[in-house]
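> How does the following fold in three dimensions:
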Amino acid sequence: MLRTHTCGELRITDVNKEVILCGWVKKVRKLGGMLFIDLRDRYGVTQLALNFETQSHLFDVADSLGREYVIKVKGLVAERSNKNANMPTGDIEIIVSDIEILNTSKVPPFTIEDDTDGGDELRMKYRYLDIRRDCVKNNLILRHKVVHEVRNYLSDRNFLEVETPFLIKSTPEGARDFVVPSRMNQGQFYALPQSPQQFKQLLMVAGIDRYFQIVKCFRDEDLRADRQPEFTQIDCEMSFVEQNDVLEMFEGMMKHVFKVVRGIEFDYDFPRMTWADAMKYYGSDKPDIRFGMKFVELTDIVKTSTFSVFNEAKAVIAIAAPGCAEYTRKELDGLTEFVKRPQTGAKGLVYVKCNADGTFKSSVDKFYSQEDLATWAKTVGANPGDLILVLSGDDIMKVRKQMNDLRLEMGNRLGLRPHDTYAPLWVVDFPLFEWSEEEQRYMSMHHPFTCPKIEDLDRLETDPGSVNAYAYDMVMNGVELGGGSIRIHDRELQNRMFRALGLDDATAQRKFGCLLGAFEYGAPPHAGLAFGLDRVCAMIVGQDSIRDFIAFPKNNSGRDLMDGSPTEISQEQLDELCLQVVRK
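Numbers count the residues shown, from 1 in each chain. Take a look at the predicted model:
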């Protein structure tokens, strides 16, 4: 070993020990007749001290050190005169007796500090330097701890970690597949898995009744802060269970991880909310329940005047923003512009100020009396000092989603969404299908292997839009951490599901024949769930982006700025694969 200790472990009890440290030069400071070096490694920072008079033979080497030089030092641990309470090693320093430069460094393109001067693109280009910053390094350490605790929790409960293949058959349903050409089978392609869904169900047929895997998944989709083309799932499946067994098992896992990794304890059962209620009261299937402002429908109540906007609307929805009656005209205009932006898409906003004296001031005063507005306030549950905000439209689901945007914006403005507060819940009873305007057909809301509710089976062919599923998501602070379902394990029911999705028996056999065949050999009832590992890590520390919990992420264009991928390949490689590049 080149070193006897790390840069983060020496303490006052180690005084007078002779030690050898290795690391990167974080900072060099000359003060009077002394030279101080902050030496950094993964574990921390230790101060090195050199005296001009007694250690002059080391000064040529010490004086040549630049930031991020890699050095090895030998010296004696001494008590530090100017102690630094902000450093775990702040009580000691190393009186250096020897320095060896192991490698030099160019001047870094940005400062290796938490408050760096490097922008996102520059830091992604030099990600190997970015990871030296404590904030990024600590995120990767936290990720390791989460994975470690997940493995411990599941292994202690008889789950087996089984790897599934990365080169699989393409069965596009949902996001686009990444495809891989086969050299040995010309003109044919593998796909990278969007999830190990079929394989974990096959493992259930194989008798591996409790499976998990920390697995890479790949989806060719448009990116944003909480998406990457390659991401990691905590993938799980269980046999001979009902929905409640799955929810209890993985609620327990999440409680365990939060407690051990972050010291956050949930001493209550996570509430459960149906998908229908989540949409009705929050306009989202991943509601943030850290604060109130639940939706109230006013559609019938407001049709008492000549106000055509409400009279012609099929949905009128309101929320009460607490303590906002004093909003200025400028602030109200700002909210109107917010809801009219393209990503929200509302045509306008109606407000009612509930004044402290019991009167009301509204943007629709000329259409509604004080008595009318008082009825609104009572229905919405608004108190004096509150602000009622109202949206309307012809499509109730669109209005709900628009109000969800506005509700979250008000939560942000009022400081009701702090990163250190956690409000988990289960959203259950999702619809089995959702209608695609683009394809003009029903598509699986989760995936085509999700089991319909038994009581809805008789409507699977006649009214598929009304069928609910044994499907569930774990949601926290408005973010979906994971989701799953009871799976179909009967071939005939699976074929009915495929037909409802517009797949005839021959197409279903071609795409999913392996799984369908397995169902004829004693497939057990089974269910599962997958968590987004990157999202779980980001939630634990209260960050919005998953990018800093991935060692080498892609940017929003799916590019790795560090290694330059994706890139063109040589003509020789194309020829081997019998491929031709056609430019659009």
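
> ranges for the helices of the stretch 451-584 of the chain?
491-500, 505-518, 533-540, 571-576 (DSSP state H, counting those that start in this stretch).

> from the chain's centre, how far out does the lengthiest helix in the chain sit?
Longest helix in the chain by number of residues (criterion: DSSP state H): helix 134-155. Here helix 134-155 is found 15 Å from its chain centre; the criterion is C-alpha atoms, centre = their mean, to the nearest Å.

> How about stretch 344-353?
Centre-to-centre, stretch 344-353 and its host chain are 30 Å apart (C-alpha atoms, centre = their mean).

> Find the nearest non-adjacent residue to residue 98, please.
Nearest residue to residue 98, sequence neighbours excluded (C-beta to C-beta, 6 or more residues apart in numbering): residue 74, at 4.2 Å. In short, each C-beta sits where N, CA and C put it, glycine included.

> Report pLDDT for that neighbour.
We have a pLDDT of 97 for residue 74.

> If it is in a bridge, with which residues?
Beta-bridge partners recorded for residue 74 (DSSP bridges): residue 20, residue 98.

> Any idea how many residues pack against it?
16 (other C-beta atoms under 10 Å).

> Averaged pLDDT, the longest helix of the chain. What do you get?
97.

> Please find the angle between the direction vectors of that helix and helix 533-540.
110 degrees (axes from the mean of the first three to the mean of the last three C-alpha atoms, to 10 degrees).

> Tell me which other helices or strands helix 134-155 touches.
strand 160-161, strand 210-218, helix 243-257, helix 533-540 (3 or more C-beta pairs under 8 Å, 6 or more residues apart in numbering; DSSP states H and E).

> orientation of that helix relative to strand 210-218 in degrees?
Using the same axes, to 10 degrees: helix 134-155 against strand 210-218 is 150 degrees.

> now the strands: where do they sit in the stretch 201-350 of the chain?
If DSSP state E, counting those that start in this stretch is used as the criterion, the strands of the stretch 201-350 of the chain fall at 210-218, 230-239, 272-274, 296-297, 315-321, 350-354.

> Can you say which of the helices and strands packed on helix 134-155 is packed in most?
helix 533-540 (a mean of 24; mean count of other C-beta atoms under 10 Å).

> Give me the angle between it and helix 243-257.
Using the same axes, to 10 degrees, helix 533-540 lies at 60 degrees relative to helix 243-257.

> Show residues contacting helix 533-540.
When contacts are defined by C-beta atoms under 8 Å, 6 or more residues apart in numbering, helix 533-540 is touched by residues 139, 142-143, 146-147, 214, 226, 228, 231-234, 254, 257-258, 261-262, 264, 422, 476-477, 479-482, 544-546, 548-550.

> how deep is the closest residue to residue 503 other than its chain neighbours tucked in, by neighbour count?
Excluding the flanking residues, the one nearest residue 503 by C-beta to C-beta, 6+ apart is residue 511, at 7.3 Å. The number of residues packed near residue 511 is 18, by other C-beta under 10 Å.

> correct me, but residue 381 touches residue 296?
Yes - assessed by C-beta atoms under 8 Å, residue 381 is found in contact with residue 296 at 7.2 Å.

> out of those two, which sits in the busier spot?
The residue with more neighbours, out of residue 381 and residue 296, is residue 296; 20 against 15, by other C-beta under 10 Å.

> The more buried one and residue 406, how far apart?
Using C-beta to C-beta, to the nearest Å, one gets 14 Å for the distance from residue 296 to residue 406.

> With residue 267 instead?
33 Å.

> Which one's more surrounded, these two?
Each of residue 267 and residue 406 has its neighbours counted (other C-beta under 10 Å); residue 406 has more, 23 against 6.

> can you pull the contacts of the nearest residue to the more buried one once chain neighbours are set aside?
Closest residue to residue 406 apart from its sequence neighbours, by C-beta to C-beta, 6+ apart: residue 339 at 5.6 Å. Going by C-beta under 8 Å, 6+ apart, residue 339 touches 346, 348, 349, 391, 402, 405, 406.

> pLDDT value on residue 339, please?
97.

> now it: how far from residue 223?
From residue 339 over to residue 223 the distance is 26 Å, taken as C-beta to C-beta.

> same question, residue 414
For residue 414 relative to residue 223 (C-beta to C-beta), the value is 30 Å.

> same thing with residue 35?
In terms of C-beta to C-beta, residue 35 sits 47 Å off from residue 223.

> now residue 262
Counting by C-beta to C-beta, the gap from residue 262 to residue 223 is 27 Å.

> Reformat the strands of the stretch 201-350 of the chain into JSON lines and put distance to residue 193 and mean pLDDT next to each item.
Putting these into JSON lines (distance: least, C-beta to C-beta, whole Å; pLDDT from 0 to 100) gives the following:
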{"stretch": "strand 210-218", "distance to residue 193": "6", "mean pLDDT": "97"}
{"stretch": "strand 230-239", "distance to residue 193": "10", "mean pLDDT": "97"}
{"stretch": "strand 272-274", "distance to residue 193": "30", "mean pLDDT": "98"}
{"stretch": "strand 296-297", "distance to residue 193": "42", "mean pLDDT": "98"}
{"stretch": "strand 315-321", "distance to residue 193": "40", "mean pLDDT": "98"}
{"stretch": "strand 350-354", "distance to residue 193": "48", "mean pLDDT": "97"}
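
> Could you list the low-pLDDT ranges of the protein?
172-174, 224-225 (pLDDT under 70).

> if you set the cut-off to 80 instead, what comes out?
171-175, 222-226 (pLDDT under 80).

> Widest-spaced pair of the contacts of residue 339?
Distance extremes for the contacts of residue 339: the farthest pair is 348 and 405 at 14.2 Å, using C-beta to C-beta.

> hang on, the earlier thing: out of the strands of the stretch 201-350 of the chain, flag the one nearest residue 452.
strand 272-274 (15.6 Å).

> Name the strands paired with the closest one and say parallel or antiparallel.
Note on strand 272-274: by DSSP bridges, its sheet partners are strand 424-428 (parallel).

> ok, residues contacting the strand it pairs with?
Outside strand 424-428, the residues within contact range by C-beta under 8 Å, 6+ apart are 243, 247, 251, 254, 266, 270-275, 278, 285-287, 289, 471-476.
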